[in-house]
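**Q** only the shape, not the letters, is given here:
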């Protein structure tokens, strides 16, 4: 802890999607380590609350309301961060949205909006900060992707498309930056995380969206970001289920797709009804300003049959992989 704090002291860290969930937890984590934090999101009041908490921890803070789909606004965010603190050391593309439901249940504008926020927002962030990193010949770009970038998520096709795109974009960018050994592009793939994102997300499925065990705290992702800021790596997962998903889809992609599809259909059939909503796709929502969505406390039950089946598949894939390595 002391080594990390020493390494991050006075480092300038820009965080998008900082008003709640993983972004809020990340801002507080870097503030505890003495970093100077730049907070960006659409909700000004929520950002100011996060900023106040960071200042209580002794951090210097800049708040800049920003929509990640606006490339000009993102360029302004980078410029103000640099002008205010004289540097940009770490940039975290964290803002993202979800959309649950069959592809045919939402119009194409809604589907495109998911891609614009997740994928185009990531590209806008990279475009905004890379000129500073390349001029400095150093910097760490971190993008929060999701397990949805490792394995397809049924009934979330636009979300999956955006996340697969984000992974490909970051992997390609990493190769382009190879001649700059101190400029890093890192991708993070969290498993199911306890955040207000489930309340914020768009939902055209007609049933209530709620996560199930195993679920992990937002602070676990924030800690991964902190470690990457000091010791960058190409790709990291957060939560053991994300690691299993990566292996399972790599070993048995067709089987994984079939099991996940059947599991999600069963989930939708057995969930209570709920109104359809666009969530925060077009406008921010007022509720949900904490790091947690309160799901950890509600989800201490055993794995459902759906989850158990998926976990069994993934465990089998891991076993197959190790057996193959042993007898090769």
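**A** That came through fine. Keep in mind that what you see is a predicted model, and the values were worked out from it rather than measured.

**Q** for the residue most central in space within the chain, which non-adjacent residue is spatially closest?
**A** Most central in the chain under Cα atoms, centre = their mean is residue 144, positioned 3.4 Å from the mean C-alpha point. Computed as Cβ to Cβ, 6 or more residues apart in numbering, the closest residue to residue 144 that is not its neighbour in sequence is residue 94, at 4.6 Å. C-betas here are computed from N, CA, C, even on glycine.

**Q** please enumerate the helices of this structure.
**A** Under the criterion DSSP state H, the chain carries helices at the ranges 2-8, 21-32, 44-56, 71-85, 108-115, 121-136, 157-176, 197-200, 218-230, 240-251, 253-270, 295-298, 305-327.

**Q** pLDDT value on residue 287, please?
**A** Residue 287 carries a pLDDT value of 87.

**Q** before we move on, the earlier item: which residues touch the residue nearest to the centre of the chain?
**A** Counting by Cβ atoms under 8 Å, 6 or more residues apart in numbering, residue 144 touches 17, 22, 92-94, 96, 188, 190, 221, 225.

**Q** would you list those residues in JSON lines and tack on neighbour count and distance to residue 172?
**A** Listed next are those as JSON lines, based on neighbours: other Cβ atoms under 10 Å; distance: Cβ to Cβ, whole Å:
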{"residue": "17", "neighbour count": "26", "distance to residue 172": "23"}
{"residue": "22", "neighbour count": "31", "distance to residue 172": "24"}
{"residue": "92", "neighbour count": "32", "distance to residue 172": "19"}
{"residue": "93", "neighbour count": "29", "distance to residue 172": "15"}
{"residue": "94", "neighbour count": "30", "distance to residue 172": "20"}
{"residue": "96", "neighbour count": "28", "distance to residue 172": "19"}
{"residue": "188", "neighbour count": "25", "distance to residue 172": "17"}
{"residue": "190", "neighbour count": "24", "distance to residue 172": "22"}
{"residue": "221", "neighbour count": "28", "distance to residue 172": "23"}
{"residue": "225", "neighbour count": "26", "distance to residue 172": "21"}
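
**Q** just the residues you listed now: which is nearest residue 125?
**A** residue 93 (4.3 Å; Cβ to Cβ).

**Q** could you give the bridge partners of that closest one?
**A** residue 143 (DSSP bridges).

**Q** just the pLDDT at it, thanks.
**A** Residue 93 is given a pLDDT of 98.

**Q** check residue 301 too.
**A** pLDDT, residue 301: 45.

**Q** go on, the one 4 residues further on?
**A** Confidence at residue 305, expressed as pLDDT, is 43.

**Q** what about residue 78, distance to residue 129?
**A** Per Cβ to Cβ, to the nearest Å, residue 78 is found 5 Å from residue 129.

**Q** common neighbours of these two, please.
**A** Joint contacts of residue 78 and residue 129 (Cβ under 8 Å, 6+ apart) are 14, 88, 91.
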